[in-house]
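Novice: Fold the stuff below for me.
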Amino acid sequence: QVQLVESGGGLVQAGGSLRLSCLASGRTFSRYAMGWFRQAPGKEREFVSALNWNGGSGYYADSVKGRFTTIRDNAKNTVYLQMSSLKPEDTGVYYCAADAVAYSPDPPGRSNEYSYWGQGTQVTVSS
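Specialist: Model prediction:
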């Protein structure tokens with residue numbers, strides 16, 4: 001059974017940085033694309049970033065481009081979301097997600113394309 005566990009969330013001032021981690025277990029991590037999504041209070045879950053199985057193809061939501069970076073360490077079964085220049089509108093629960101299809105050349109960008117989800121980690125950015 002696939003399990004995803006996020007960590008690294010917290011409270012940070014605007015302009016600050018955080019690094020989220022997502023540790024995967026239950027299958028061969030290196031074969032699958034990973035995504036990050038977030039959900040603010042009262043809003044729908046939205047795409048943040050995605051990275052394909054080997055880290056060679058990825059993309060970001062326009063709202064975070066240039067500020068967030070996703071990398072993966074397949075040896076550690078972990079994907080990271082490095083967030084900098086944080087803004088109050090980045091506040092929300094951040095979820096990592098795993099694709100169900102192995103070796104997809106391009107990572108999915110929609111939440112319904114991911115089969116496995118973590119429990120989420122709260123990020124709060126104060127102004």
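
Novice: Helix or strand next in line after the host helix or strand of F37, which one?
Specialist: Here F37 sits within strand 32-39, counting by DSSP states H and E. Next helix or strand after strand 32-39 toward the C-terminus (DSSP H and E): strand 46-51.

Novice: which one is the residue most central in space within the chain nearest to, not counting chain neighbours?
Specialist: Centroid-nearest residue in the chain, with Cα atoms, centre = their mean: W36, separated by 2.3 Å. Distances taken as Cβ to Cβ, 6 or more residues apart in numbering put V48 closest to W36, at 4.2 Å, once the chain neighbours are dropped. Bear in mind the C-beta positions are built from the backbone N, C-alpha and C, glycine included.

Novice: close enough to count as contact, the one you found and V64?
Specialist: Yes - assessed by Cβ atoms under 8 Å, V48 is found in contact with V64 at 5.8 Å.

Novice: For this structure, just list every one of the helices.
Specialist: In the chain, no helices are defined using DSSP state H.

Novice: Give me the below-cutoff pLDDT ranges for it.
Specialist: For the chain, not a single residue meets the criterion pLDDT under 70.

Novice: quick one, longest strand in it?
Specialist: Secondary structure of the chain per DSSP state E: the longest strand is strand 92-102.

Novice: Going by neighbour count, list what's buried in that strand.
Specialist: For strand 92-102, the neighbour count (16 or more other Cβ atoms under 10 Å) marks 92-99 as buried.

Novice: for stretch 62-80, same thing?
Specialist: Neighbour-count burial for stretch 62-80 [16+ other Cβ under 10 Å]: 64, 68-70, 72, 77-80.

Novice: Ok, stretch 40-48 next?
Specialist: Neighbour-count burial for stretch 40-48 flags 45, 47-48 (criterion: 16+ other Cβ under 10 Å).

Novice: Closest one of those residues to D106?
Specialist: F47 (13.6 Å; Cβ to Cβ).

Novice: could you list every residue that touches the closest one?
Specialist: Neighbouring residues of F47 by Cβ atoms under 8 Å, 6 or more residues apart in numbering: 35, 37, 61, 109-111.

Novice: Count the neighbours of the spatially closest residue to A102 that is not a sequence neighbour for me.
Specialist: Nearest non-adjacent residue to A102, counting by Cβ to Cβ, 6+ apart: R31, 4.1 Å away. By other Cβ atoms under 10 Å, the residues close to R31 number 14.

Novice: Since that was my last question, I'll sign off now.
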